[in-house]
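Enquirer: Structure for this input, please:
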Amino acid sequence: MTRPALRLENIVKTFPGVRALDGVSFEVLPGEVHALMGENGAGKSTLMKVLGGIHQPNEGRILVGEEPAVMANPLEAKAKGIVFIHQELSLAEELSVAENIYLGELPRKSFGRVDWATLYARTDEILKKLKVGFDARTMVGTLSIANQQMVEIARALTVDAKAVIFDEPTASLTDSEKVVLFEVIDDLKKDGVGIIYISHRMEEIFKITDRISVLRDGEYRGTLVTKETTEDDVTQLMIGRSLDLSRNHEHAEVGDVALEVRGLSCGDLYRDISFEIRRGEVVGFYGLVGAGRTEIAETLFGLRAPSAGQILLDGEEVHLGSPVDAIARGISLVPEDRKGQGLVLGMNCRDNMTLPQVGDLTAGPFVSDGAEIAIFDQYRDKLDIRTPGWRQTVGNLSGGNQQKIVIGKWLSMHPTLLIVDEPTRGIDVGSKSEIHKLIRQLASQGYAVMVISSEMPEVLHVSDRIVAMYHGELIRTFTSDEVTEDSLIQAISGIRTDGGDKAA
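Expert: Down below sits the predicted model:
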């Protein structure tokens with residue numbers, strides 16, 4: 001049998017009051033893509049941090065090839081051929097792409113001087129493989145999040161890797177960039193590198209992996225051969241039950257029009273957009289990256305000024321010059337990047353939830369602790385937020401519970417319109433199902449909900465109507481009864497069904 005490129009045996013890791021890993025074993029073979037799956041909080045990140053030298057195990061051992069290895073720190077792990085590509089970007093924005101890729105390993109000339117010519121040449125050679133549109137000298141801070149993720153991936157190509165860990169690598173990538181990433185992974189496989197692939201996206205797992213190992217509650221639950229299993233088998237192993245991910249065929253009891261948009265435009269980002277959302281319904285916005293969906297949401301939240309058109313709330317035209325105006329008018333936005341834009345990770349759960357209304361919760365010159373705690377308790381129960389208490393630092397929660405904190409923050413403001421951008425990005429399949437159920441419940445309670453999603457199963461599952469967009473244009477609006485996957489794909493590709501050609 002092929003010897004593993006890497007093996008972890010009976011790893012135990014405890015933190016004060018928590019046994020994060022309980023005797024977990026895991027291996028990856030040379031030239032294999034091995035998925036590591038589990039709900040948020042299952043222990044995946046902790047296991048990889050043990051492998052990467054960030055945490056030291058309380059028990060167990062690591063073998064690279066046949067040799068036992070101690071990963072005292074990330075540099076030692078990298079020296080032994082273990083490369084970690086993090087989901088959370090760890091780049092120095094003030095430095096060039098080349099400096100970031102070779103940080104700590106810059107080629108030198110005599111007297112310790114940096115060999116810039118060699119540095120740039122090596123970097124451009126790597127970037128050529130990744131088919132990106134920037135070069136070695138580009139400042140990282142000027143790149144989009146997707147391109148910054150490609151810089152992270154480029155780091156894996158600079159060393160003689162035994163194993164490369166990809167942690168949610170496609171979360172910020174466009175479809176074309178995903179194709180390039182999968183080609184890079186295939187090249188690494190051909191070179192005999194073992195790939196550990198962490199993702200919540202089932203379609204990716206079944207497309208590129210050879211085996212799937214599952215953790216639950218810090219314990220190893222089993223390994224499946226990808227081509228011999230199904231999504232339902234994996235889901236049951238992850239959460240102990242099957243999920244209902246069928247399309248939404250509910251007929252919502254809708255009320256009055258909460259939001260009406262007429263001929264809204266914003267420069268080249270989107271143009272002549274008209275739609276309405278009624279109380280009690282979920283309207284999904286679906287399209288490729290760059291279609292203009294998020295930019296519409298940002299306009300409705302006062303982050304962008306429209307160049308033309310009208311926004312009406314409950315029949316009254318409004319002018320939203322800032323998020324303060326939007327919030328005052330009853331519009332709330334759950335952003336795509338919950339960690340960067342929706343939460344203050346170092347603050348506790350209560351303070352995050354009450355942040356937008358802290359000025360209204362004062363008792364004299366001080367903020368009323370009692371009022372804040374009452375709001376937190378109400379929405380913790382309403383949204384089933386799993387946390388030991390309000391004092392818990394929000395950065396320590398799972399992705400699904402963090403998302404619920406953001407949603408609770410805005411629900412406590414009693415909005416007319418709730419906008420949710422990529423509601424389950426980076427969230428495991430079990431928590432994803434809970435968020436979907438929550439969105440439907442909010443609609444049944446009379447909220448008008450706008451959902452922006454890049455995942456077709458998600459938008460089909462939660463929406464009463466679906467707005468399909470292409471390059472800043474609204475192509476068609478579907479009801480949940482009439483939409484099909486084919487018609488939706490045609491629409492977001494710019495193909496009109498009224499006899500017209502692709503949108504210009």
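Enquirer: so where is the stretch 351-500 of the chain shaky, pLDDT-wise?
Expert: 428, 496-500 (pLDDT under 70).
Enquirer: go on, the stretch 51-200 of the chain?
Expert: 87-89.
Enquirer: Which residue ranges of it form helices?
Expert: With DSSP state H, counting those that start in this stretch as the criterion, the stretch 51-200 of the chain has helices at 74-79, 97-101, 116-130, 145-155, 175-190.
Enquirer: Which one of those lies nearest to Leu300?
Expert: helix 145-155 (21.7 Å; C-beta to C-beta). No exception for glycine: its C-beta is placed from N, CA and C like everyone else's.
Enquirer: Go through that closest one and flag the buried ones.
Expert: Ala146, Asn147, Gln148, Gln149, Met150, Val151, Glu152, Ile153, Ala154, Arg155 (16 or more other C-beta atoms under 10 Å).
Enquirer: Tabulate those (a markdown table), appending distance to Ile375.
Expert: A markdown table is the format used below for the buried residues of helix 145-155 (distance: C-beta to C-beta, whole Å):
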| residue | distance to Ile375 |
| --- | --- |
| Ala146 | 36 |
| Asn147 | 39 |
| Gln148 | 36 |
| Gln149 | 36 |
| Met150 | 41 |
| Val151 | 41 |
| Glu152 | 38 |
| Ile153 | 41 |
| Ala154 | 45 |
| Arg155 | 43 |
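Enquirer: and Ser463, what does it touch?
Expert: Asn248, Val282, Val283, Gly284, Val451, Ser480 (C-beta atoms under 8 Å, 6 or more residues apart in numbering).
Enquirer: Just the element for the third one, please.
Expert: Here Val283, judged by DSSP states H and E, is contained in strand 282-286.
Enquirer: Off-centre distance for that strand?
Expert: Mean-position distance between strand 282-286 and its chain equals 18 Å (C-alpha atoms, centre = their mean, to the nearest Å).
Enquirer: and the helix or strand that comes right after that strand, how far from the chain's centre?
Expert: Next along the chain after strand 282-286, taking DSSP H and E as the criterion, comes helix 293-300. In terms of C-alpha atoms, centre = their mean, the centre of helix 293-300 is set 18 Å apart from its chain centre.
Enquirer: before we move on, back to that, can you tell me which of the helices of the stretch 51-200 of the chain is packed in deepest?
Expert: Burial of the helices of the stretch 51-200 of the chain is given as mean neighbour count (mean count of other C-beta atoms under 10 Å); helix 97-101 ranks first at a mean of 25.
Enquirer: ok, residues contacting that one?
Expert: 91-92, 106, 119-120, 122-123, 126-127, 134-140, 143, 151, 154-155, 158.
Enquirer: one more time with 7 Å
Expert: Helix 97-101 is contacted from outside by 91-92, 119-120, 123, 126, 134, 136-138, 140, 151, 154-155, 158, using C-beta atoms under 7 Å, 6 or more residues apart in numbering.
Enquirer: How is the residue nearest to Trp390 when sequence neighbours are not counted classified with respect to secondary structure?
Expert: Excluding the flanking residues, the one nearest Trp390 by C-beta to C-beta, 6 or more residues apart in numbering is Arg350, at 3.7 Å. Secondary structure, DSSP: H, G, I helix; E, B strand; the rest coil: Arg350 is helix.
Enquirer: Would you confirm that Arg350 contacts Ile373?
Expert: Yes: taking contacts as C-beta atoms under 7 Å, Arg350 lies within contact range of Ile373: 6.1 Å.
Enquirer: Can you report how many residues lie near the residue nearest to Trp390?
Expert: 23 (other C-beta atoms under 10 Å).
Enquirer: swap in Glu228?
Expert: 8.
Enquirer: quick one, phi psi at it?
Expert: Main-chain dihedrals, Glu228, degrees, to the nearest 10: phi -110, psi 10.
Enquirer: Tell me how far it lies from Glu295.
Expert: To Glu295, Glu228 is 43 Å away according to C-beta to C-beta, to the nearest Å.
Enquirer: Pop the domain breakdown of this structure in here.
Expert: With domains defined by automatic domain parsing, the chain comprises 6-239, 243-330+416-504, 340-414.
Enquirer: circling back: for Arg476, state which of the buried residues of helix 145-155 is nearest.
Expert: Ala146 (26.9 Å).
Enquirer: Just confirm the closest one contacts Thr174, I think it does.
Expert: Yes: between Ala146 and Thr174 a contact is recorded at 6.0 Å, counting by C-beta under 7 Å.
Enquirer: coming back round to it: what is the nearest of the contacts of helix 97-101 to Met48?
Expert: Arg155 (15.6 Å).
Enquirer: any residues touching the helix or strand hosting Lys432, and which ones?
Expert: Lys432 belongs to helix 429-444 when assigned by DSSP H and E. For helix 429-444, the surrounding residues in contact (C-beta under 7 Å, 6+ apart) are 39-40, 200, 235, 238-239, 243, 252, 280-282, 383, 398-400, 403, 407, 418, 420, 423-424, 427, 449, 451, 461-462.
Enquirer: where does Val462 fall, phi/psi-wise?
Expert: Backbone phi and psi, for Val462 under degrees, to the nearest 10, turn out to be phi -100, psi -20.
Enquirer: Contact partners for it?
Expert: Counting by C-beta under 7 Å, 6+ apart, the residues that Val462 touches are Asn248, Val282, Gly284, His436, Ile439, Arg440, Val451.
Enquirer: what's the neighbour count on the fifth one?
Expert: Under the neighbour criterion other C-beta under 10 Å, Ile439 is assigned a count of 24.
Enquirer: repeat for the second one
Expert: Neighbour count for Val282, taken as other C-beta under 10 Å: 29.
Enquirer: measure it to Asp464 for me?
Expert: Counting by C-beta to C-beta - Val282 and Asp464 are separated by 5 Å.
Enquirer: do the third one as well
Expert: Between Gly284 and Asp464 the distance is 8 Å, computed by C-beta to C-beta.
Enquirer: When the two are compared, which one has more neighbours?
Expert: Higher neighbour count among Gly284 and Asp464: Gly284, with 29 against 22, using other C-beta under 10 Å.
Enquirer: Touching, that one and Met450? I think so.
Expert: No: under the criterion of C-beta under 7 Å, Gly284 makes no contact with Met450, lying 8.1 Å away.
Enquirer: Measure how far stretch 461-468 is from the centre of its chain, please.
Expert: The answer for stretch 461-468 is 20 Å, by C-alpha atoms, centre = their mean.
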